[in-house]
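*Asks:* kindly return the folded structure for what I paste below:
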Amino acid sequence: MKKTTAQKPVLFTVLLLIAAMFAAAAFTVVFTFAGFPSGIASSVGRLIITAVLMVIYRTCFRWENSFKGIVFALPALILAVWNVAYNTLGGAVLRADILPVILTALAPALFEETIFRVIPFQKMQENGFSALKTIVITAVIFGLIHLTNIVGGNVIGTLIQTGYATAIGLLFGGIYILTKDPASVFLLHFLTDFSSQIFTSQPTSTPLWGLALMLVLIAGISVYGIMLAKKADHQ
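*Replies:* As a prediction, the model looks like this:
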């Protein structure tokens, strides 16, 4: 019985992800048929579902903690710095239309942090999950979701993206579970996506030095996230 109870938050998380993604996809189809560009339609759909979830699960969002944990979040800015440096050195050009990029970066930041971090973390900890166990489970799920890009894509590239997403899950998860500060992780996720999407294209290949630095970055942010989770368990 205890084992079954412990598994419920994980099942809840998976069902939440499926429901939220299908609902967002449905809104995307509707807005696309209404004449919106696909990127804008997807963003609007995600924002609508996020707003609904924020109302339904409002007790999970501790807005009174907003930006109180920003000190622990600052090291995560290295992701945005990496995106800018990598794309600039790779010859990518900045976009002229920044406003659409703000929307397409903001929507996944709010949507993904809500369904992968804020709500699941609350449910898991209510059921006795440790902070470390919570961030590992959700980070793995977050990473595995990116395996869907393997369809029609590059296998090696997809695996790297999956590892990178898992590391980001550990990083953002560690920051959030220690600080209970939704605003900081929303902002960090936004800056991470925005710093990548402001370029018109991305390098088609990664040099060995870039791959080596990427692996170091993945290891570093993973360790940092785990350290924050352990700190939360000790409090």
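
*Asks:* quick one: the helices in the chain, in order.
*Replies:* 2-33, 38-56, 70-73, 78-89, 98-113, 119-126, 131-145, 155-179, 182-197, 208-234 (DSSP state H).

*Asks:* make JSON lines from those helices and add distance to Glu64 and mean pLDDT to it.
*Replies:* From N, CA and C alone the C-beta is placed, and that goes for glycine too. Output for those, formatted as JSON lines (distance: least, C-beta to C-beta, whole Å; pLDDT from 0 to 100):
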{"stretch": "helix 2-33", "distance to Glu64": "24", "mean pLDDT": "85"}
{"stretch": "helix 38-56", "distance to Glu64": "15", "mean pLDDT": "96"}
{"stretch": "helix 70-73", "distance to Glu64": "14", "mean pLDDT": "95"}
{"stretch": "helix 78-89", "distance to Glu64": "26", "mean pLDDT": "91"}
{"stretch": "helix 98-113", "distance to Glu64": "17", "mean pLDDT": "95"}
{"stretch": "helix 119-126", "distance to Glu64": "15", "mean pLDDT": "94"}
{"stretch": "helix 131-145", "distance to Glu64": "20", "mean pLDDT": "96"}
{"stretch": "helix 155-179", "distance to Glu64": "12", "mean pLDDT": "91"}
{"stretch": "helix 182-197", "distance to Glu64": "10", "mean pLDDT": "96"}
{"stretch": "helix 208-234", "distance to Glu64": "18", "mean pLDDT": "93"}
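
*Asks:* which one, of those helices, ends up nearest to Trp63?
*Replies:* Ranking these by distance to Trp63, with C-beta to C-beta as the measure, places helix 182-197 first at 6.8 Å.

*Asks:* and the closest one with helix 38-56, angle?
*Replies:* Here helix 182-197 runs at an angle of 170 degrees relative to helix 38-56 (axes from the mean of the first three to the mean of the last three C-alpha atoms, to 10 degrees).

*Asks:* returning to that earlier point: tabulate the helices of the chain in TSV, adding columns for distance to Arg62 and mean neighbour count.
*Replies:* Formatted as TSV, those follow (distance: least, C-beta to C-beta, whole Å; neighbours: other C-beta atoms under 10 Å):
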stretch	distance to Arg62	mean neighbour count
helix 2-33	18	14
helix 38-56	12	18
helix 70-73	15	16
helix 78-89	24	17
helix 98-113	13	19
helix 119-126	9	20
helix 131-145	15	21
helix 155-179	9	22
helix 182-197	7	21
helix 208-234	14	16
